[in-house]
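>>> Here's a sequence, model it:
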Amino acid sequence: MNTVFEIKNLQVLVYDKQILKGVNLKINGGEIHVIMGPNGAGKSTLASAIMGNPKYEVNGGEVLLNEQNLLSLEVDERARAGVFLAMQYPAEVSGVTNSNFIRSAVNATREKKLTISEFFRELSQAVNILEMRKDLPYRYLNDGFSGGEKKRNEILQMLMIKPKIAILDEIDSGLDIDALKIVGEALNKAQNENLGILIITHYQRILEYIKPHFVHIMSEGKIIKSGGIELIETIEREGYKFVEEAAKAKQSNGKA
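Coordinates of the predicted model:
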């Protein structure tokens, strides 16, 4: 079954403040979607709410993965169902090696558990794809990692876990040009009909290496504009304000 991920009229409160005001989005396996928008638009709130962060209260809408209601599941159950979130600020965990953490996650989410030899063979291949230091998988999880190493390590986890939907929250922050290219190429290689990718970003630079199928602009808790790569060119030329004003004008005309 090809992956189908749907967000329907999602509404989210944070400390009694309505942040998401009806987000609608559908991602099919094999597609890369990008959400962009100004600070405070609700982009990171969307990612956290999908994953089940208890700080975010869903007060309307649905989130479905292959018709399964994710909102009825606990965080660990969402992960086992096939949802992966690359953190904006990955946590450091001293005392737990990277490889032990990833192996536990892999065996918790895959139907067939990997033997030790199978795991380390796959891990070595993923490390090579990402051109990571050979000792990174064996160091404590993110402990002493640079910002770029932490972000690359998130993609390593994604490659190993093989989720159905991967949400990458500002995965490009902290990456230099070389690392951006490596991460972009890894995401391109990971594309398949069972994996949908949602990239949340402020910047256009990672899109020099990843060609999304769809681009969405978020503002004030809603997706106000969707299109292709040409939408990024509009933003570069006109800025978010232009897109926001055009969306408001269209809405006003529709009500007239």
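>>> Does Ile102 touch Leu136 like I think?
No - here Ile102 lies out of contact with Leu136, judged by Cβ atoms under 8 Å, at a distance of 10.9 Å. From N, CA and C alone the C-beta is placed, and that goes for glycine too.
>>> Name the spans of the stretch 1-150 of the chain whose pLDDT lies under the cut-off.
Filtered on pLDDT under 70, the stretch 1-150 of the chain yields the residue ranges 1.
>>> Quick check on Ile102 and Leu136: which one has the bigger neighbour count.
The neighbour comparison of Ile102 against Leu136 (other Cβ atoms under 10 Å) goes to Ile102, with 22 against 17.
>>> how about the more buried one, secondary structure?
Local secondary structure at Ile102 is given as helix here, using DSSP: H, G, I helix; E, B strand; the rest coil.
>>> Gly29 versus that one, what's the distance?
From Ile102 over to Gly29 the distance is 23 Å, taken as Cβ to Cβ, to the nearest Å.
>>> same question, Phe101
As it turns out, when the distance is counted by Cβ to Cβ, Phe101 lies 26 Å from Gly29.
>>> Then Ala49?
Here the distance between Ala49 and Gly29 works out to 22 Å (Cβ to Cβ).
>>> Kindly report the same for Met158.
Where Gly29 is concerned, Met158 sits at a distance of 15 Å (Cβ to Cβ).
>>> between those two, which one's more packed in?
Met158 (23 against 19).
>>> Backbone torsions only: list them for the more buried one.
When quoted as degrees, to the nearest 10, the phi and psi of Met158 stand at phi -60, psi -50.
>>> go on, the one 5 residues further on?
Note on Pro163: backbone dihedrals following degrees, to the nearest 10 are phi -70, psi 170.
>>> ditto for the one 3 residues further on
With angles defined as degrees, to the nearest 10, Ala166 shows backbone torsions of phi -110, psi 120.
>>> do the same with the one 3 residues further on
When read as degrees, to the nearest 10, the backbone of Asp169 gives phi -90, psi 110.
>>> Surely it and Pro90 touch.
No - here Asp169 lies out of contact with Pro90, judged by Cβ under 8 Å, at a distance of 10.3 Å.
>>> And the helices in the stretch 151-256 of the chain, which stretches?
For the stretch 151-256 of the chain, the helices identified by DSSP state H, counting those that start in this stretch occupy 177-190, 230-238, 240-255, in order along the chain.
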